[in-house]
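> Predicted model follows, preceded by the sequence.
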Amino acid sequence: MKRAVVTLAVGLALAGCGNADREKAEQLQGEVSKLQSEVATLRAELDAEKHGAQRLLARAKDAKGAGNNASAKSELQDLIARYPEKPEAASAKALLDVIDREEKAAEAERLAAEAKKAEEARAALAKLDKNLKKNTDEIKGVTWVSHKSIPTLDTYMSLYFGLEGENSRVMPLRLKLQYHSDSWLFVQSVTIKADDQTFQLGSLDFERDNGYGGIWEWSDTVAENKAMLRKIADAKKVTIRFDGKQYYNDFILPDSQKRAMKDMILAWERYGGKA
């Protein structure tokens, strides 16, 4: 019994010594890890102090070479702030000056290009104005713009638009289709074939009048399909079918009317219309 107690006491003592050693070893390992971390930090700081300015300058040059001036300027400004006494700081300031001069030159070139484009637009509009006629409705405060070449007593397809108010706000482009003959057709719908493409305008509200030995039937709607208008204006052959109550009439759109449509689309855009 006494031997068992002694054995147990010795075992406990040895176990106690083992736990103490492990705790001490773990404590030492923690201190070693902490020292290693501090050494790594010091090395990084030393490396940054020795080579940081060079790296920032190299990154700035790479960014500039890639066309990313914003990133290059950020790197250069960081370099100057962190290492003002380094030789690289002088290089950074010189490179910043180069970037600023290039950006100012690019901005001046952009403004010159915009001014040239605006002048060309004014010249084109002045040229177009020679082919346009304008009628002002004083009551409604609208000036209606149409093409001089469009006939009155004839079959035609035309475009026109209005300029409203003191600021001449451009109104939507409008499409007018007119059938002229000596007998009524009572047009109900229109189909247009431009080269190999067909457009169904569907049911349209046609107004009618007569006089001077002839009749007129016409529709006047907002020209919503700008792609269709451009296709018609550019087509070699355009056939317009006026579908009447019992019969139909095919009209080959003259080149003069196609040119007039091109002029009106361009004039509408020049005045501020957007497709």
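Yes, it's here.
> and the nearest residue to Lys226 once chain neighbours are set aside, how far is that from Arg230?
Distances taken as CB to CB, 6 or more residues apart in numbering place Ala275 nearest to Lys226, at 4.2 Å, with adjacent residues excluded. C-betas here are computed from N, CA, C, even on glycine. Noted for Ala275: a distance of 9 Å to Arg230, by CB to CB, to the nearest Å.
> contacting residues for the closest residue to Gly213 other than its chain neighbours?
With sequence-adjacent residues excluded and distances taken as CB to CB, 6+ apart, Gly213 is closest to Asp182, at 6.7 Å. Asp182 makes contacts with 213-215, as judged by CB atoms under 8 Å, 6 or more residues apart in numbering.
> Buried among the residues you listed? Make that a ChimeraX selection.
Applying 16 or more other CB atoms under 10 Å to the contacts of Asp182 leaves a buried subset, and the ChimeraX line that selects it is:
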select :215
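> From the contacts of Asp182, pick the one nearest Arg122.
Distance to Arg122, by CB to CB, is smallest for Gly214 among the contacts of Asp182, at 41.4 Å.
> Check the spacing between the closest one and Arg208 real quick.
As judged by CB to CB, Gly214 and Arg208 stand 12 Å apart.
> what does Val98 give?
73 Å.
> just to revisit the earlier point, which one of the contacts of Asp182 is nearest Thr152?
Gly214 (11.0 Å).
> if I look at the nearest residue to the closest one once chain neighbours are set aside, how far off is Gln77?
Nearest non-adjacent residue to Gly214, counting by CB to CB, 6+ apart: Asp182, 5.5 Å away. For Asp182, the distance to Gln77 (CB to CB) stands at 82 Å.
> Tell me which stretches of this structure form helices.
2-65, 69-82, 87-129, 226-234, 255-270 (DSSP state H).
> buried stuff in the shortest one?
Taking 16+ other CB under 10 Å as the neighbour-count basis, helix 226-234 is seen to contain the buried residues 228-229, 231-233.
> outside of it, which residues touch it?
If you take CB under 8 Å, 6+ apart as the criterion, helix 226-234 is touched by 157, 159, 173, 175, 192, 194-195, 197, 199, 223, 238, 253, 258-259, 261-262, 265, 275.
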